[in-house]
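> give me a model of this one.
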Amino acid sequence: MKGNFFSKPLEYKLTIAGEAWTQGEIITGSLIIEDHSKKITSMSELGCHLCYCSRKKLKDKDPKAITVFDSALIQNDNNELSFKFPLQDDCPISDSLGSFYIICGDMAHPFDTGMLELKINPSKVISDFVQVFESFYRFKVKSFKNKKDYIVAAVTPPDSKEWAKLQKMNIQLKHKQDQFDVEFITTLKKIALEHSITTTKDENKVFKKTLSKKEYERFGATNQDAFNKLIQEVLEQVK
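Residues are numbered from 1 along each chain as shown. Okay, the predicted model is just below:
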């Protein structure tokens, strides 16, 4: 991924290794700054910055859109640098509300130069869990979004009588270090008897599960059997 940006008299040449990343990976790249003036411009405050940005506020060029996670600055009057920005295991992913960006230049004036958006996907453990859920149980994931430290997957059940009472299901997922947390948040239609009249009402239930690394990983790969067992236990309770 590459971008060229101009802020007279400087030209910024940003290169990022890759097109998409998952939580917990390291983003690497380089920045070259060329001075097209005859004067020597100080570059001591210039560099690359890993930032999470709100899409709406960013579109309005509101500085409050930007949260800086990490920075690498030009050193010793050089005009280039290399950077490595590690992502946290539970960092935000790219969704409709926001995403990570690499912003180059001076963060005192973040909109004067340029930025590149980073596509951040859920970790491999989360992706593999969702794949098992979809492939073996025929539930479909409609979308992913961030919610505090969790990733929320909105899912729809199979079109069958077996799941007719399940009105809504969201799965909150968090993979951090050696622990994998899963919360199934469901809305079920229940039959109720009130004043001798049979009615239906919605009932919300939450099912929480946690797997250690020894449980969700086997021989360096995710353990599908552990995922299957967890999902089966929860779905039996939902039924």
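> confirm E236 sits in a strand?
No: read with DSSP: H, G, I helix; E, B strand; the rest coil, E236 is helix and lies in no strand.
> switch to numbering from 885
Will do, 885 is the new start, and the previous item becomes E1120.
> that one: neighbour count?
The tally of other residues near E1120 (other CB atoms under 10 Å) stands at 8. All C-beta atoms are positioned from the backbone trio N, CA, C, and that covers glycine.
> against Y1100, how distant is it?
Distance, E1120 to Y1100, using CB to CB, to the nearest Å: 20 Å.
> got it, and N1005?
From N1005 to Y1100 the distance is 18 Å (CB to CB).
> just V1014 next, same as before
Relative to Y1100, and taking CB to CB, V1014 is found at 13 Å.
> show me where pLDDT drops low in the protein?
924-925, 1075-1083 (pLDDT under 70).
> pick out the residue closest to the middle of it.
I977 (1.2 Å; CA atoms, centre = their mean).
> now for the spatially closest residue to A992 that is not a sequence neighbour: which residues touch it?
The spatial neighbour of A992 that comes closest, neighbours along the chain excluded (CB to CB, 6 or more residues apart in numbering), is E929 at 7.1 Å. By CB atoms under 8 Å, 6 or more residues apart in numbering, E929 lies in contact with L957, D990, A992.
> repeat for E1046
Contacts of E1046 by CB under 8 Å, 6+ apart are K1123.
> just F1017 next, same as before
Neighbours of F1017 in contact, by CB under 8 Å, 6+ apart: F1023, V1025, V1039, I1055, F1111, I1115.
> how about the helices in the protein?
939-943, 1008-1021, 1097-1100, 1108-1122 (DSSP state H).
> including distance to W905, could those helices go into CSV?
Supplementary listing: those in CSV, determined by distance: least, CB to CB, whole Å:
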stretch, distance to W905
helix 939-943, 18
helix 1008-1021, 11
helix 1097-1100, 21
helix 1108-1122, 23
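> I1069: which of those is closest?
I1069 lies closest, by CB to CB, to one member of these: helix 1108-1122, at 10.9 Å.
> count the neighbours of D1109 for me.
Burial of D1109 is recorded as 10 neighbouring residues (other CB under 10 Å).
> that one - nearest residue in space that isn't next to it in sequence?
Using CB to CB, 6+ apart, the nearest residue to D1109 is R1102, at 7.9 Å.
> what of P893?
In space, P893 is closest to S921, 3.5 Å off (CB to CB, 6+ apart).
> same check, this time on L1095
Of all residues not flanking L1095 in the chain, F1064 sits nearest, at 4.5 Å (CB to CB, 6+ apart).
> circling back to that earlier point, among the helices of the chain, which is the most enclosed?
Using mean count of other CB atoms under 10 Å, the stretch among the helices of the chain with the largest mean neighbour count is helix 1008-1021, at a mean of 18.
> now the angle between helix 1108-1122 and it, please.
60 degrees (axes from the mean of the first three to the mean of the last three CA atoms, to 10 degrees).
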